[in-house]
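>>> Have a look; sequence and predicted model below, questions after that.
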Amino acid sequence: MIRNKWLSYFWKILWIIGLIILARLSFSYEIQSKQSADATFNLIPLIWFKVIISILFGLYLSLILVKKWSFKINPSLIWCVSIPSLLLSFTYPITATLASFNNLPEVIANSSILYWLINVRSSSNIFGIVAGLSLILSLFNDSRCSEKC
C-alpha cells in the first residue's frame with residue numbers, strides 16, 4: 001500500500017519533469033523557426049510548428065488525466081470534440097500553405113468564415129490542445145464506464 005502511494009507521487013513528478021523538457025524543447029525549436037522565418041520570409045513552417053506543438057501539449061496533458069489505460073472508445077467525444085477540433089486546428093495551416101502556392105480557390109480566399117477562423121486561430125492554440133487532449137481521453141476513457149472503472 002505504501003509503495004503504491006509513493007509510486008503515484010513518482011509518476012506525477014516524472015510527468016512534470018517531462019512537461020518541463022517538452023516546454024524547453026518546444027521553446028528552443030520555436031526560436032529557431034522564428035529566426036528561419038525572419039531570414040527566409042517564409043512563415044509556413046512556423047505556422048505548422050505551432051499547430052503540431054499545441055496538439056503535442058494536448059496529448060501530453062492527457063497523460064495525467066487518463067485513469068485506466070484500457071482501450072475503450074467514447075464515440076461522442078471523438079465525433080463531437082476531437083475531430084472538429086482537429087479540423088479547426090489544421091484549417092489555418094492548410095489554407096496558409098495553399099495560399100502561399102497560389103492554389104487557394106477564390107471562394108475560400110474571400111470567405112468571411114476564413115477571416116474569422118484566422119482571427120480565432122492566431123489568438124491561441126486552444127483547438128490543438130483540445131484536439132490532443134480529447135483524442136486520448138476519447139480512446140482510453142469511456143464515459144459509459146461504471147464507478148468501478
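The structure has been received and is ready for your questions. Residues are numbered from 1 along each chain as shown.
>>> confidence score at S100?
The model reports S100 with a pLDDT of 83.
>>> Contact partners for it?
Shown in contact with S100 (CB atoms under 8 Å, 6 or more residues apart in numbering): 42, 44. (Each C-beta comes from the backbone N, C-alpha and C, glycine too.)
>>> Distance check, it against S76.
37 Å (CB to CB, to the nearest Å).
>>> And T95, by the same measure?
On the measure of CB to CB, T95 and S76 end up 28 Å apart.
>>> So between the two, which is more surrounded?
T95 (20 against 11; other CB atoms under 10 Å).
>>> I113 is in contact with that one, correct?
No - the criterion here is CB atoms under 8 Å, and T95 misses it with I113 at 10.7 Å.
>>> OK, contacts around the spatially most central residue of the chain?
Nearest to the mean C-alpha position of the chain, by CA atoms, centre = their mean, lies I55 at 1.6 Å. Neighbouring residues of I55 by CB under 8 Å, 6+ apart: 86, 89, 128-129, 131-132.
>>> Among the residues you listed, which one sits closest to W69?
G132 (16.6 Å; CB to CB).
>>> so that closest one, which of the three states?
helix (DSSP: H, G, I helix; E, B strand; the rest coil).
>>> for the one 5 residues further on, same thing?
Using three-state DSSP, the structure places L137 in helix.
>>> show me the contacts for it.
So L137 contacts 62, 65-66, 74, 77 (CB under 8 Å, 6+ apart).
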